[in-house]
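Colleague: Sequence first, predicted coordinates after that:
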Amino acid sequence: MTGAVCLPRLTTGQGCRNREEATLPFSTQKGTPMSLKLKILGLGVLAVMATSAFAAVNAGARTGGHFIAPPHTLIVGTESGEHSLHFTPHGKNELIGCTSATYSGTAVNETETAIEVEPSYSGCTTTANGAHVTVTPNGCKYRFTVEKGGTKGTADLNCPGSALEIHHPNCTITVNDVGTGGVEVNQNLSGIHYTTTLESKHALTIDVNVTFNTEYHGGICIFLGTHQLGELNGSVTVKGTNTDGEQVDITTT
C-alpha cells in the first residue's frame with residue numbers, strides 16, 4: 001500500500017546483509033509513506049507457500065468485522081509521516097523515491113465487509129543518478145478485510161489481468177495474484193491493523209506488515225533468482241468524502 005543486485009516498513013535501503021538477502025525499499029517524499037522491502041530469502045519461498053495455504057484454510061476465522069461509512073463514500077488513502085516508500089536494487093545503495101502515492105476506491109454500502117483501493121504512483125526516480133523508474137499497477141487493487149472487533153484484518157492483491165510492475169533500468173519486478181501453475185498467491189495476507197482517528201471526522205490509519213511473492217524479469221536482477229519474497233511495511237491514512245467533496249466518517253467494527 002515505493003532499484004539492487006546486492007528491494008511501502010509501500011524500510012530504508014541498507015544494502016544486503018549477506019548473499020542470500022537483498023532489499024528493494026520504495027520511498028515517497030510526500031503523501032503517506034508506506035515502505036516496501038523486498039528480501040531475498042532463498043528457500044523461504046516454500047515457507048510462504050505453506051503459510052498462504054494455511055491462511056486460506058483459516059480465512060473465515062479472520063473475518064466478521066465491518067467498515068462503516070455513509071453509502072457511496074469515496075475512499076482516499078494517502079501516505080504521510082516520517083517514513084517514506086523506498087526501493088533499493090540488490091547490490092546498490094541507491095533509493096528510488098516517488099513524489100506521490102495515493103489509493104482510491106468506493107464504499108458502496110453503509111456496511112462493507114471489505115474495501116478495495118487502486119494505487120497510483122508517480123514521480124519515481126533513483127537517488128544515485130536520477131534515472132527514471134515507473135511503478136505501473138495495471139489495474140491491480142489492494143483489498144482490505146477486517147476482523148470482528150475492528151482492529152485487525154487481512155489484505156489481498158487483485159489483478160484483473162496483468163501484474164503490478166516496477167520498471168527499473170536493471171530489471172522489471174512484478175507482483176501478481178496468480179503464481180506458477182495458476183496457483184493463487186498474495187491472498188489473505190495477515191499483518192493489517194486499523195486505528196480510528198478523529199479530527200473533524202473519523203478516519204482510519206492502516207498499519208501494514210505483510211509478506212508477499214514477487215518475480216524478477218530480465219536484466220541483472222534475475223541472477224538473484226526469478227521468484228523472491230517481499231515485505232510491505234508502513235501505514236496509510238484513509239479518509240472518506242461524499243460526492244460533494246465533504247469529509248465523512250469512516251470506521252471499523
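Modeller: Looks like it came in fine. Predicted model, so just to flag it, every value in this text is computed and none were measured.

Colleague: tell me the phi and psi of the residue nearest to residue 169 when sequence neighbours are not counted?
Modeller: Excluding its sequence neighbours, the residue lying closest to residue 169 (C-beta to C-beta, 6 or more residues apart in numbering) is residue 131, at 5.2 Å. For every residue, glycine as well, the C-beta is placed using N, CA and C. Residue 131 adopts backbone torsions of phi -60, psi 140, taken as degrees, to the nearest 10.

Colleague: Please apply the same query to residue 176.
Modeller: As for residue 176, its main-chain torsions (degrees, to the nearest 10) stand at phi -130, psi 170.

Colleague: and it, how many neighbours does it have?
Modeller: By the criterion of other C-beta atoms under 10 Å, residue 176 has 21 neighbours.

Colleague: quick one: the strands in the stretch 151-253 of the chain?
Modeller: For the stretch 151-253 of the chain, strands defined by DSSP state E, counting those that start in this stretch occupy the ranges 152-158, 164-168, 171-175, 189-198, 202-217, 227-241, 247-248, 251-252.

Colleague: now the fourth one and strand 152-158, what's the angle there?
Modeller: What it means is strand 189-198. Here strand 189-198 runs at an angle of 120 degrees relative to strand 152-158 (axes from the mean of the first three to the mean of the last three C-alpha atoms, to 10 degrees).

Colleague: Repeat that for the second one.
Modeller: Interaxial angle, strand 164-168 versus strand 152-158 (the same axes, to 10 degrees): 70 degrees.

Colleague: Which strands border strand 164-168, and is each parallel or antiparallel?
Modeller: strand 134-136 (antiparallel), strand 171-175 (antiparallel) (DSSP bridges).

Colleague: List the contacts of residue 201.
Modeller: Counting by C-beta atoms under 8 Å, 6 or more residues apart in numbering, residue 201 touches 239, 240, 247, 248, 249, 250.

Colleague: hmm, back to that, how deep is the residue nearest to residue 169 tucked in, by neighbour count?
Modeller: Residue 131 is flanked by 15 other residues according to other C-beta under 10 Å.

Colleague: measure it to residue 165 for me?
Modeller: Going from residue 131 to residue 165 by C-beta to C-beta, to the nearest Å gives 16 Å.

Colleague: do the same with residue 178
Modeller: 15 Å.

Colleague: who has more neighbours, those two?
Modeller: residue 165 (17 against 14).

Colleague: Just name the most buried of the strands paired with strand 164-168.
Modeller: Each of the strands paired with strand 164-168 was scored by mean neighbour count; the highest is strand 171-175, a mean of 22, by mean count of other C-beta atoms under 10 Å.

Colleague: Show me the contact partners of that one.
Modeller: Strand 171-175 is contacted from outside by 7, 24, 38, 89, 140, 157, 163-166, 186, 212-222, 230, using C-beta under 8 Å, 6+ apart.

Colleague: CA atoms only for it, dumped as PDB, please.
Modeller: Taking C-alpha atoms only, strand 171-175 is exported to PDB below (Å, rounded to 0.1, in the frame of the first residue of the first chain):
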ATOM      1  CA  CYS A 171      15.200  -5.200 -14.400                       C
ATOM      2  CA  THR A 172      11.400  -5.500 -14.000                       C
ATOM      3  CA  ILE A 173       9.800  -6.700 -10.800                       C
ATOM      4  CA  THR A 174       6.200  -8.000 -10.900                       C
ATOM      5  CA  VAL A 175       3.700  -8.600  -8.200                       C
END
